[in-house]
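Student: Sequence and predicted model, in that order:
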Amino acid sequence: MIGIFVLLVSSGVSGTVTGWLIRSVLAANSTPHEPTIAQDQVSPVRPAQNMMPFTAQVSGQQVHLLQQQQAERSAKAAADAEQQRLTYSVPKQFQGVTLQSAQLKIARDAIALTFDDGPWDTTTDQILDILAQEGVKATFFWVGQAVQNQPEVARRVVNAGHAIGNHTMHHRYDSMSAADAADEIETAAQVFQEVAGIRTKLFRPPGGYLNNGLADYAMNQGDTVVTWSVASSDTDSTRDAQTYVHNVLSTIKPGGIVLMHDGGGDRSKTVEALPVIIRSLKAQGYRFVTVPELLRLESDGW
Ligand SMILES: [Zn+2]
């Protein structure tokens, strides 16, 4: 019935004709247990504010205007939601600071998985598949060069609803001038915007080095510098996947931020360890949120 109404309204049928047809439809759809709506009960109807009048003379132009306003409101709401989704904003208290984990009082089951140095050929997609199967959202700290190499993979990470952070353009460890630090971070940000349409204020310095100029620049820009509280040590290729699992399980705490890698080298052992890590932590009662979600929990007193 609503479909018929919408169809009539959109085809510009005048209000009186629309009202007549609606009464007919109401009568036709009435069950035997419902009293049939008498004509004089329905008409005239004083239209409530913002409601489509049934019997008032509504011109095609007015209907069109109402439809246009409705469409504009919907478009704005969708744009706002999209903007929030693609900026990964964090509460004000965490802007311009460095943190390793969240301090949670109530939601002590919440932790965040993070993956650095991607997007990467094959392993990032394998990790995305595991996260999807397990219903887990994570945070990826991207290197600008890697995004340039794997733009399609980057877009898949964003579309899967994971959060993104900046991990510089070239993954340098050395001390650098403020101008170089700005270049490393801003060039990467520009690549992320161009390739995946995102803007992030989350930053993780390569290697976790906080004194080579990068973290200072990021904090001056109001970025949240996110290190980690739990190291899987999955860049140590001399160890096996079971060691990565042990490293995480032996050091995890509520509000913890776990460091892993989807890129920067052969990460097949990370892919091997990840399902075991997720299932073991779930069995301990943990649940997985993105870094912005984790910080919102702390900010809201959870
Ligand atoms: Zn890194």
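Tutor: Looks like it came in fine.
Student: Which elements pack onto the lengthiest helix in the chain?
Tutor: Using DSSP state H, we find that the single longest helix of the chain is helix 60-85. Using 3 or more C-beta pairs under 8 Å, 6 or more residues apart in numbering; DSSP states H and E, the elements in contact with helix 60-85 are helix 2-10. Backbone N, C-alpha and C define where each C-beta goes, glycine included.
Student: same question for the helix it packs on, mean pLDDT?
Tutor: Taken as a whole, helix 2-10 has an average pLDDT of 42.
Student: list the contacts for the residue of the stretch 201-302 of the chain at minimum distance from the ion?
Tutor: Distances between the stretch 201-302 of the chain and the ion by C-beta to the ion are smallest at Pro206, namely 4.6 Å. With contacts defined as C-beta atoms under 8 Å, 6 or more residues apart in numbering, Pro206 is in contact with Val143, His167, Thr168, His171, Arg172, Tyr173, Leu214.
Student: Nearest spatial neighbour of it, chain-adjacent residues omitted?
Tutor: His171 (4.5 Å; C-beta to C-beta, 6 or more residues apart in numbering).
Student: Distance of that neighbour relative to Arg239?
Tutor: Per C-beta to C-beta, to the nearest Å, His171 is found 22 Å from Arg239.
Student: quick one: which of those two has more around it?
Tutor: His171 (19 against 15; other C-beta atoms under 10 Å).
Student: which residues touch that one?
Tutor: For His171, the set of contacting residues under the criterion of C-beta under 8 Å, 6+ apart consists of Asp117, Val143, Gln145, Pro206, Gly264.
Student: now, which of those lie within helices?
Tutor: When DSSP H defines the helices, the subset of those inside them is Gln145.
Student: And the furthest pair within the contacts of His171?
Tutor: For the contacts of His171, with distances taken as C-beta to C-beta, the pair at the greatest spread is Gln145 and Pro206 (11.7 Å).
Student: Strands of the chain, start to end?
Tutor: Listed in chain order, the strands found in the chain under DSSP state E are 98-99, 110-116, 139-142, 163-166, 202-203, 224-226, 230-231, 257-261, 287-288.
Student: how distant is the fourth one from the center of its chain?
Tutor: Distance, stretch centre to chain centre, for strand 163-166: 10 Å (C-alpha atoms, centre = their mean, to the nearest Å).
Student: For that strand, give me every contacting residue.
Tutor: 88, 114, 137-142, 157-158, 185, 188-189, 192, 196, 198, 200, 202-204, 218, 223, 226, 290-293.
Student: what does the third one give?
Tutor: Contacts with strand 139-142, where a contact means C-beta under 8 Å, 6+ apart, come from 112-119, 124, 154, 157, 162-167, 188, 192, 202, 204, 226, 262, 290-292.
Student: Stretch 218-235 near the ion anywhere?
Tutor: No - in terms of C-beta under 5 Å from the ion, no part of stretch 218-235 sits within range of the ion; the closest distance is 8.2 Å.
Student: Only the buried residues of that stretch, if you could.
Tutor: Applying a neighbour-count criterion of 16 or more other C-beta atoms under 10 Å, one finds 218-219, 223-232, 234-235 buried in stretch 218-235.
Student: Stretch 173-186 now?
Tutor: Of the residues in stretch 173-186, Met176, Asp180, Ala181, Ala182, Asp183, Glu184, Ile185, Glu186 count as buried by neighbour count, 16+ other C-beta under 10 Å.
Student: Which of these sits closest to the ion?
Tutor: Ranked by distance to the ion (C-beta to the ion), those are led by Glu184 at 12.4 Å.
Student: Whichever of the contacts of His171 end up buried, select them in PyMOL.
Tutor: One line in PyMOL is enough to select the buried members of those, burial here meaning 16+ other C-beta under 10 Å:
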select buried, resi 117+143+145+206+264
